[in-house]
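K.L.:
no sequence on hand, only this structure:
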Ligand code: ZN
């Protein structure tokens, strides 16, 4: 009898030990942006044990900075949400116009230096994952995260899985209707001119109006036009992938009138044909990307290093 009790206690202890170890599994995350990198160590948004932000300089210098940061922390895997476009299988940034960064290997140097598995995805897929796991889109199956900042990017999670494919979603470069009588601006995308990003990014706002978004409060029609383009983007996403929730983040979305205007216009454009998805601000704020990268890392713990 006593033997059986002891045996059970031992089993419980083993189980408790395993649980503890799981809870303590320390993960690394990088939000690799074109202007700055954010690196963090922790287990989730309420447990970020260290966080550092530094400017994106040359690839060698920037990667070395990240490696130095993680070396002292004993992480079990690192997740990277990167600016793109990227080659997901090769772990590499590909055709970026950012000087010095085209065809930069990201995964290999990190994995070699740190000796842990490195997960790799786009910055916006990481943010979509973060908002789905912990933020505004929790509990949904199909979720889109759109960031409207210097550029426009979109990440997509369908039926609980991040969407990849030919490359990865490039929502910022969708083509949307452009009424040149209302808005003669030619567009700011170096590849397509008046694509979604070319018409509605922060760069487009500045080029069209001659001032940055935050200085345009007094300009009539600025936010109605911006909301029109963002709503057209959201309607296309809605019709193509049927998300239950679209999270709209990035610097431009911090303009208070914008989200309600977009919501109203999405409803008008859908014209009652299908329900509009919930449009939400990121619950994780500017940390959606780096927190999502932690979740990317979690899925890679214990896998073979590339
Ligand atoms: Zn474009």
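P.N.:
Here it is on my side, so go on. Keep in mind it's a predicted model, so treat the numbers as computed, not measured.
K.L.:
would you mind naming what in the protein lies close to the ion?
P.N.:
Residues of the chain lying close to the ion by Cβ under 5 Å from the ion are 173, 189, 191, 192, 195. Any C-beta I mention is one placed from the backbone N, CA and C, and that applies to glycine too.
K.L.:
again, only using 8 Å
P.N.:
172, 173, 189, 190, 191, 192, 193, 195, 196, 197, 198 (Cβ under 8 Å from the ion).
K.L.:
what strand or helix carries residue 267?
P.N.:
helix 258-270 (DSSP states H and E).
K.L.:
typo on my end, it should be residue 234
P.N.:
Short version, using DSSP H and E: residue 234 is in helix 222-241.
K.L.:
list the helices and strands that helix packs on?
P.N.:
Contacts defined by 3 or more Cβ pairs under 8 Å, 6 or more residues apart in numbering; DSSP states H and E place helix 222-241 against strand 143-148, strand 152-158, helix 196-200, helix 202-209, strand 245-249, helix 258-270.
K.L.:
could you export the ones you listed as a markdown table, including mean neighbour count and mean pLDDT?
P.N.:
Formatted as a markdown table, the helices and strands packed on helix 222-241 follow (neighbours: other Cβ atoms under 10 Å; pLDDT from 0 to 100):
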| stretch | mean neighbour count | mean pLDDT |
| --- | --- | --- |
| strand 143-148 | 30 | 98 |
| strand 152-158 | 26 | 97 |
| helix 196-200 | 29 | 98 |
| helix 202-209 | 20 | 96 |
| strand 245-249 | 26 | 98 |
| helix 258-270 | 17 | 97 |
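K.L.:
contact partners of the helix holding residue 267?
P.N.:
223-224, 226-228, 230-232, 234-235, 238, 248, 252-253, 276, 279, 281 (Cβ atoms under 8 Å, 6 or more residues apart in numbering).
K.L.:
where do the helices sit along this protein?
P.N.:
For the chain, the helices defined by DSSP state H cover 2-24, 59-71, 107-114, 123-134, 196-200, 202-209, 222-241, 258-270, 288-298.
K.L.:
can you list the low-confidence ranges for this structure?
P.N.:
1-24, 305-306 (pLDDT under 70).
K.L.:
show me the contacts for the most centrally placed residue in it.
P.N.:
Nearest to the mean C-alpha position of the chain, by Cα atoms, centre = their mean, lies residue 124 at 2.4 Å. Shown in contact with residue 124 (Cβ under 8 Å, 6+ apart): 81, 145, 146, 147, 153, 154, 155, 169, 171, 289.
K.L.:
quick one: contacts for residue 131?
P.N.:
137, 138, 143, 145, 247, 282, 283, 284, 288, 292.
K.L.:
how far away is the residue of the stretch 201-306 of the chain found nearest the ion from residue 151?
P.N.:
Closest to the ion within the stretch 201-306 of the chain is residue 201: 9.4 Å, counting by Cβ to the ion. Computed as Cβ to Cβ, to the nearest Å, the residue 201 to residue 151 distance reads 5 Å.
K.L.:
apart from its chain neighbours, what residue comes closest to residue 216?
P.N.:
residue 222 (4.7 Å; Cβ to Cβ, 6 or more residues apart in numbering).
K.L.:
just residue 234 next, same as before
P.N.:
In space, residue 234 is closest to residue 266, 5.1 Å off (Cβ to Cβ, 6+ apart).
K.L.:
so the residue of the stretch 201-306 of the chain closest to the ion sits right up against residue 185, yeah?
P.N.:
No. The pair residue 201 / residue 185 is not scored as a contact, 11.9 Å apart, by Cβ atoms under 8 Å.
K.L.:
in terms of neighbours, single out the busier of the two.
P.N.:
Taking other Cβ atoms under 10 Å, residue 201 and residue 185 do not tie; residue 201 has more neighbours (28 against 18).
K.L.:
contacts only, for the more buried one.
P.N.:
148, 149, 150, 151, 152, 172, 188, 252.
K.L.:
and it, how far is that from residue 141?
P.N.:
Taking Cβ to Cβ, one finds residue 201 at 29 Å from residue 141.
K.L.:
what do you get for residue 182?
P.N.:
Distance from residue 182 to residue 141, by Cβ to Cβ: 37 Å.
K.L.:
one more: residue 260?
P.N.:
Counting by Cβ to Cβ, the gap from residue 260 to residue 141 is 26 Å.
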